[in-house]
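Q: need coordinates for the following:
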Amino acid sequence: MHELGKVCPRCRKLHARAAGCYCLGCHAAYMREWRKTHPPSLEARKRDNVRSYAHTYKRRGKLTPGPCAKCGDAASQMHHPDYDQPLLVLWLCRACHLALHAEERRNNVSLT
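A: Here you go, the predicted structure:
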């Protein structure tokens, strides 16, 4: 790595992005091409729209964060138990949120 940053292998310019080896412009161009052949599923688009909708309400102050519903930690994040109700949000800390999704994955795998 160069002392000023990393060198993009595509355009050979220095960049300071912590993640990835491409500069911001080359990464964006790559992602535009990748999305043409990998369109999101309808379920993924629904999830993205619900998260965006809820985040907008949070920014406007109409959806206020609360402590974790399981452990009471003040640093919480949104969890959507039902994507048909975008403003129905369960506030969970990162650890409890990951544990909930791990449990959901275990339950779904065991049923099939």
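Q: show me this structure divided up by domain.
A: 6-37, 42-111 (automatic domain parsing).
Q: what residues sit buried inside stretch 9-19?
A: Within stretch 9-19, the residues scored as buried using 16 or more other CB atoms under 10 Å are H15. C-beta: built from backbone N, CA, C; applies to glycine.
Q: what does it contact?
A: Contacts of stretch 9-19 with the rest of the structure, by CB atoms under 8 Å, 6 or more residues apart in numbering, involve 2, 4-8, 21-27, 30.
Q: go on, stretch 96-110?
A: 68-71, 73, 77, 79, 92.
Q: could you give the mean pLDDT of the one helix or strand D48 maps to?
A: Using DSSP states H and E, D48 maps to helix 42-59. For helix 42-59, mean pLDDT rounds to 95.
Q: elements contacting that helix?
A: Applying 3 or more CB pairs under 8 Å, 6 or more residues apart in numbering; DSSP states H and E, we find helix 42-59 packed against strand 77-79.
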